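Q: Provided below for reference: sequence and predicted model.
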Amino acid sequence: MERDKLPFRKNCEGYLIFEDKIVVRDTGWGYLEFPGGGLHEGEDFIDALKREAHEEAGVILDGEPREVKIIKYLYHSDWVKNDKHKRRYEKYRGDEMHFFLGKVKELVNPPGDGEEKGWSKDDRLMPIKKVVKILEGYKPFPKELEEYSNFQIDFLRGLVN
């Protein structure tokens, strides 16, 4: 398969602030997960983020999130951790990730999306400083994710200073 001929998956990720914490969960398999995901047919990035944040983490946003960065990165073979990842790896060469900053109005029970259940209500908020410390501990990053990871750490570090 010629991976360089595959398209990039349109994706979004939100740094969503609730009081003095950020919405995030520890996946338990080597990285932190922020609300977000791929776009449905005809959906724009903001609508996708609102939908994904609600399904995954029970987030109701306060106003419109602000786009802060776009990064394209390639999937690497070590990225494939499950069948869902395998299907994406076969269909796309990587993600075109649109990053957003937003404020949480309310947290409700996350409904899930029919394929996966929502995040645990007790395990979806973390102090930003703790998130930065965890992310800094993940180095070294695969070269394909270096720009993504460095942006994530620098941006979140800027939120606490």
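A: Thanks, I have the structure now.
Q: When you work out contacts or count neighbours from here on, use the C-alpha atoms and nothing else.
A: OK.
Q: Next one: the residue nearest to residue 17 when sequence neighbours are not counted from residue 111, what distance?
A: Nearest non-adjacent residue to residue 17, counting by C-alpha to C-alpha, 6 or more residues apart in numbering: residue 103, 4.9 Å away. From residue 103 across to residue 111, the span is 20 Å (C-alpha to C-alpha, to the nearest Å).
Q: more crowded one of these two?
A: Neighbours were counted for residue 103 and for residue 111 using other C-alpha atoms under 10 Å; residue 103 has more, 21 against 15.
Q: Now do the contacts for the more buried one.
A: By C-alpha atoms under 8 Å, 6 or more residues apart in numbering, the residues touching residue 103 are 16, 17, 18, 61, 62, 63, 65.
Q: Counting neighbours, which of the residues you listed comes out on top?
A: Ranking the contacts of residue 103 using other C-alpha under 10 Å puts residue 16 first, with 24 neighbours.
Q: still on that earlier bit, just put the contacts of residue 103 in a markdown table and tack on pLDDT, distance to residue 49 and secondary structure.
A: Formatted as a markdown table, those follow (pLDDT from 0 to 100; distance: C-alpha to C-alpha, whole Å; DSSP: H, G, I helix; E, B strand; the rest coil):
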| residue | pLDDT | distance to residue 49 | secondary structure |
| --- | --- | --- | --- |
| 16 | 98 | 10 | strand |
| 17 | 97 | 14 | strand |
| 18 | 95 | 16 | strand |
| 61 | 97 | 10 | strand |
| 62 | 96 | 13 | coil |
| 63 | 94 | 12 | coil |
| 65 | 97 | 9 | coil |
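Q: which among those gets closest to residue 122?
A: Residue 122 has its nearest neighbour among those in residue 18, at 13.8 Å by C-alpha to C-alpha.
Q: chain center to the helix or strand residue 158 falls within, what's the gap?
A: According to DSSP states H and E, residue 158 maps onto helix 146-160. Chain-centre distance of helix 146-160: 13 Å, with C-alpha atoms, centre = their mean, to the nearest Å.
Q: Please shift the residue numbers so they start at 203 in all later answers.
A: OK, 203 is where the count begins now, so the last one is helix 348-362.
Q: pLDDT averaged over that helix, what's the number?
A: Confidence for helix 348-362, expressed as mean pLDDT, is 93.
Q: Which strands or helices does that helix pack on?
A: Applying 3 or more C-alpha pairs under 8 Å, 6 or more residues apart in numbering; DSSP states H and E, we find helix 348-362 packed against strand 268-276, helix 330-338.
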